[in-house]
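[1] after the sequence you'll find the predicted model.
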Amino acid sequence: MAKEAFSGWIPLVALSANLLDRDLQLSGKLVQVRGSIQSTAQMVDYDALNTLERRLLDDGDLPPSWAYWWLTLAAELSYNAPWSECPALIVHIGQSGTQSSLGNLLGWGTSPYQVLPLMVEDLCDALRHRSSSAGFALAWGVNGDDFSHPVLPVSCRGAILPVVDGMGALCIATDEDRSALRTWMGDEEIE
């Protein structure tokens, strides 16, 4: 049965660990979350989507409600969460085929990922390329040095990454942070 994590936006269902094996391995290469962590994962419930949203997905497009889910989460991490210091967007350079001008200026040619201050414009660009899991991550508690010299895995307090070909989300964080993000991620821990 579908459990909607955030009512009114998009229906989500909890994911089990057996569906996330590849994504969990990728997340470990991208981020290293500090402290005692737990994981929660949700996926868009295709059967509960309206006809238009299903048609968009079938055509390879992102439903607006799923993009809105990511954008409101980014806004929460950037502006409203007092525990979310140094929010960042960790993005794969190959998604757009080019590196940002800021990345070029700072000489980030050695890493396949950039660590950028979390900004809506950059997240919108990352969402356009939803074809691969772990193409980006929203992270908080990132060390300021990682913005100029990213080294994988990026050490952080918590992270949320797209999974299941971009149609799910994996939250890796402390119980305290997961509780604060319950509106977006629900509270079912991955077993």
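    Perfect, thanks for sending it.
[2] show me what contacts the residue positioned nearest the centre of the chain?
    The centroid of the chain falls nearest to Leu161 when counting by Cα atoms, centre = their mean (2.9 Å). For Leu161, the contacting residues are 23, 26-27, 30-31, 133-134, 136-138, 169-170, 172, by Cβ atoms under 8 Å, 6 or more residues apart in numbering. Where you see a C-beta, it was placed from the backbone N, CA and C, and this is true even at glycine.
[3] what is the rounded mean pLDDT of the helix or strand hosting it?
    Applying DSSP states H and E as the criterion places Leu161 in strand 158-163. Averaged over strand 158-163, pLDDT sits at 92.
[4] of the contacts of Leu161, which is the nearest to Thr72?
    Set against Thr72, the nearest of the contacts of Leu161 by Cβ to Cβ is Leu138 (11.5 Å).
[5] how about that closest one: what's its closest non-neighbour residue?
    Distance criterion Cβ to Cβ, 6 or more residues apart in numbering; nearest residue to Leu138, sequence neighbours excluded, is Ile160 at 4.8 Å.
[6] what residues are bridge-paired with the one you found?
    Here Ile160 sits in beta bridges with Leu138, Cys171, going by DSSP bridges.
[7] which residues touch it?
    73, 137-139, 169-173, 181, 184-185.
[8] and of the residues you listed, the nearest to Cys86?
    Set against Cys86, the nearest of the contacts of Ile160 by Cβ to Cβ is Ala139 (8.5 Å).
[9] contact partners for the closest one?
    31, 87-90, 154, 156-160.
[10] ok, now with 10 Å
    Neighbour list for Ala139: 30-31, 33, 77, 84, 86-90, 115, 118, 146, 154-161, 172-173 [criterion: Cβ atoms under 10 Å, 6 or more residues apart in numbering].
[11] now do Leu15
    Counting by Cβ under 10 Å, 6+ apart, Leu15 touches 23, 39-43, 163-164, 168-170, 188, 190.
[12] just the buried subset of these, please.
    The neighbour count (16 or more other Cβ atoms under 10 Å) marks 23, 39-43, 163-164, 168-170, 190 as buried among the contacts of Leu15.
[13] now, those residues that are in strands?
    Using DSSP state E, the members of the buried ones among the contacts of Leu15 that fall in strands are 39-43, 163, 168-170.
[14] quick check: phi and psi at the closest residue to Gly158 other than its chain neighbours.
    Ranked by Cβ to Cβ, 6+ apart and with sequence neighbours excluded, the top spatial neighbour of Gly158 is Ala173, at 3.2 Å. With angles defined as degrees, to the nearest 10, Ala173 sits at phi -160, psi 170.
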